[in-house]
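> Okay, structure incoming, though there's no sequence with it:
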């Protein structure tokens, strides 16, 4: 993962890419492009992983959004309520929907490297997310060029105040975290998160029911020494169903709880590994990705 | 250059950055940001290198554009006409303007690692370029996160046709070259270009008076195994003076000459090292970089 050189330029134009770029040159460039994934590994797909707890209507909305999404391999629903089994009335997609039933309700279930994940790329989605196919596919495209980073939306940052780590909204032009409610990452990082992370970090997440995303950002930045990639996203983040319930971030203590996580994780790592980026990823030109 | 990890997150908020990001948080975030260069090496600057031949009016226009541009260290003018010395009537800038007088008129003079270049970052500008300070500074910001790539505007691509390398305009959504009329690069690549490049490539450039930019793209992609970065740029490429003379690309044989370069360089390298990218770099949000 950390060293995946793409094949040379010429390989791009041979059979084996789903749609060769040679055929995409000319007036139909943008429409051909949005069908093909391009680069030199055109058969690659991604897995959607959704952690959900008692928001069935919202989950149905997401599943409908995912129907016929290109390059989607499978949808994995991590059913975080051990006290209730899902009903059978889920939408039917062009790809399998597989349920995982953890033994207990835990945020850590979001980042377990389930055997059911059969692709390198996973996209972690909150169960109240809203998105277009273009946004998912564009995020996937960008991730394919940055396989050792988190790629998603929206961004956040941390800073220091009176010597303590602080967590902040995206009020500035630099960022150093990507929220994992809409974020692509390599499956390898799920292994690292679950099996090689400091137990005090896992314990803190479990106890406070928060900060699993901050921990993932710390981990990826520590291993790759690169900042995450924020991508352009135009649909509003929460779907209409999701808006009916307020998320964790609506809580008034949300920012102090998350600042405590930044401080604790920095102490455990010995430093704050997060790195800044000052730009976002946007399609090369208008028309390349519908709506973006 | 190939492995320049940025300092940890905390370093960002200590003295030594020109303007700490701590002070940039809040309502004045965007204006503070556009003054500071950020990341963890805030004192860094760049050098402008302009290759010019008998377009004095156009050159005056560029020099005026560069006046008071932040982070500019020096302007180096490579005076490619050995038969005529420049007059003395050049604009005065806030930084030195230094002339280089090569012994002969050659496109290779563009990429010589002159001792006068005292920064790692250089930006190569055509003598008819148009740009804003924001565009230069944003390109510099993006380059600082991608020190082993070319960062600039506009992009081009190569493709294969009937087994031959072809050069093309940016008609598609992927790209693999950046023109060097507005491109940031590391000074190290100038050494590689001038002293470690295959002599047949240098000879071909000299003989055909073309393709030095394609050669630089091949070289950087070969050494870094990464695609270049196209950035957003909104001012039209040529300045009003520059428009009075038609550039090389106005020539009807321009594309076939450049396709021949792609084919020849690919044969010399043994492969076409160029890699594709499918996205461009844009400021994180509106207002971060004036006009972009």
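Great, that's in hand. Since the model is a prediction, treat every value here as computed from it, not as a measurement.
> ok now the host helix or strand of residue A:50, how far from the chain's centre?
Residue A:50 is located in strand A:46-52, with elements delineated by DSSP states H and E. Taking C-alpha atoms, centre = their mean, to the nearest Å, one finds the center of strand A:46-52 at 9 Å from the center of the full chain.
> Over to stretch A:138-158?
Relative to the centre of its chain, stretch A:138-158 is centred 7 Å away, using C-alpha atoms, centre = their mean.
> Kindly report the same for stretch A:201-214.
Counting by C-alpha atoms, centre = their mean, stretch A:201-214 is centred 18 Å from the centre of its parent chain.
> Distance across that stretch, terminal residue to terminal residue?
10 Å (C-alpha to C-alpha, to the nearest Å).
> Mind checking what secondary structure residue A:44 has?
Under the three-state scheme (DSSP: H, G, I helix; E, B strand; the rest coil), residue A:44 adopts coil.
> measure it to residue A:77 for me?
22 Å (C-beta to C-beta, to the nearest Å). Using the backbone N, CA and C atoms, a C-beta is placed for each residue, glycine as well.
> Kindly report the residues of the stretch 51-200 of chain A close to chain B.
Taking C-beta under 8 Å from any C-beta of the partner chain, the part of the stretch 51-200 of chain A that reaches chain B is made up of A:138, A:141-142, A:145, A:155, A:158-161, A:168, A:170-176.
> what about the lowest-mean-pLDDT helix or strand in chain A, distance to the chain center?
Lowest by mean pLDDT, DSSP states H and E among the helices and strands of chain A is helix A:29-35, with a mean of 71. Taking the mean of its C-alpha atoms, helix A:29-35 sits 24 Å from the chain's own mean (C-alpha atoms, centre = their mean).
> Once you drop chain neighbours, what's closest to residue A:136?
Nearest non-adjacent residue to residue A:136, counting by C-beta to C-beta, 6 or more residues apart in numbering or on different chains: residue A:69, 5.8 Å away.
> helices and strands around the least confident helix or strand of chain A, which ones?
Packed against helix A:29-35, as judged by 3 or more C-beta pairs under 8 Å, 6 or more residues apart in numbering or on different chains; DSSP states H and E, are no other helices or strands.
> which parts of it are buried?
Neighbour-count burial for helix A:29-35 flags A:29-30, A:32-34 (criterion: 16 or more other C-beta atoms under 10 Å in any protein chain shown).
> same deal with stretch A:206-223?
For stretch A:206-223, a neighbour-count test (16+ other C-beta under 10 Å) marks A:210-223 as buried.
> Tell me the gap between that stretch and the middle of its chain.
Taking C-alpha atoms, centre = their mean, one finds the center of stretch A:206-223 at 13 Å from the center of the full chain.
> Could you list the low-confidence segments of chain A?
Counting by pLDDT under 70, chain A has low-confidence residues at A:1-5, A:12-29, A:41-42, A:170-171, A:242-251.
> quick one, helices of it?
All helices of chain A, identified by DSSP state H, fall at A:29-35, A:56-66, A:133-145, A:187-195, A:199-208, A:212-224, A:254-269.
> Output those helices in CSV, with distance to residue B:50 appended to each entry.
Converted to CSV, those look like this (distance: least, C-beta to C-beta, whole Å):
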stretch, distance to residue B:50
helix A:29-35, 33
helix A:56-66, 51
helix A:133-145, 31
helix A:187-195, 45
helix A:199-208, 52
helix A:212-224, 37
helix A:254-269, 45
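> how far away is the residue nearest the centre of chain A from chain B?
Geometric centre of chain A, nearest residue: residue A:183, 1.5 Å, by C-alpha atoms, centre = their mean. Per C-beta to the nearest C-beta, to the nearest Å, residue A:183 is found 16 Å from chain B.
> Kindly report the same for residue A:77.
Separation of residue A:77 from chain B (C-beta to the nearest C-beta) stands at 30 Å.
> and what of residue A:197?
For residue A:197, the distance to chain B - C-beta to the nearest C-beta - is 18 Å.
> now the closest residue to that residue other than its chain neighbours: how far from chain B?
Excluding the flanking residues, the one nearest residue A:197 by C-beta to C-beta, 6+ apart is residue A:219, at 6.3 Å. Look at residue A:219 and chain B: by C-beta to the nearest C-beta, they are 14 Å apart.
> Hmm, residue A:219 is touching residue A:192, no?
Yes: counting by C-beta atoms under 8 Å, residue A:219 touches residue A:192, with 5.9 Å between them.
> Give me the common contacts of the two.
Common neighbours of residue A:219 and residue A:192, using C-beta atoms under 8 Å, 6 or more residues apart in numbering or on different chains, do not exist here.
> Let me see the contact set for the residue nearest to residue A:168 when sequence neighbours are not counted.
Nearest non-adjacent residue to residue A:168, counting by C-beta to C-beta, 6+ apart: residue A:157, 5.3 Å away. Applying C-beta under 8 Å, 6+ apart, we find residue A:157 in contact with A:167-168, A:170, A:172, A:174-177, A:276.
> I'd like the residues you listed as CSV, with neighbour count appended.
Conversion of the contacts of residue A:157 to CSV gives the following (neighbours: other C-beta atoms under 10 Å in any protein chain shown):
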residue, neighbour count
A:167, 21
A:168, 20
A:170, 18
A:172, 25
A:174, 25
A:175, 25
A:176, 23
A:177, 29
A:276, 21
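> Sort out which of those residues are in strands and list them.
A:167-168, A:177 (DSSP state E).
> Closest one to chain B out of these, please.
residue A:168 (6.6 Å; C-beta to the nearest C-beta).
> thought that closest one was touching residue A:156?
Yes: counting by C-beta under 8 Å, residue A:168 touches residue A:156, with 6.6 Å between them.
> how deep is residue A:115 tucked in, by neighbour count?
Neighbourhood size, residue A:115 [other C-beta atoms under 10 Å in any protein chain shown]: 7.
> do the same with residue A:282
For residue A:282, the neighbour count with other C-beta under 10 Å is 21.
> For it, name its beta-bridge partners.
residue B:280 (DSSP bridges).
> any idea how far residue A:97 is from it?
31 Å.
> From residue B:37, how far off is whichever residue of the stretch 101-250 of chain A sits closest to chain B?
Across the stretch 101-250 of chain A, the shortest distance to chain B (C-beta to the nearest C-beta) belongs to residue A:173, at 3.7 Å. Here residue A:173 is placed at a distance of 11 Å from residue B:37 (C-beta to C-beta).
> ditto for residue A:229
20 Å.
> Looking at those two, which one has more neighbours?
Counted by other C-beta under 10 Å, residue A:229 and residue B:37 do not tie: residue A:229 has more neighbours, with 25 against 22.
> ok, residue A:46 touching residue A:122?
Yes: here residue A:46 reaches residue A:122: they are 6.5 Å apart, a contact under C-beta under 8 Å.
> Now for the two: what residues contact both?
Shared contacts of residue A:46 and residue A:122 (C-beta under 8 Å, 6+ apart): residue A:184.
> what packs against the strand holding residue A:50?
When contacts are defined as 3+ C-beta pairs under 8 Å, 6+ apart, strand A:46-52 packs onto helix A:56-66, strand A:72-79, strand A:121-126.
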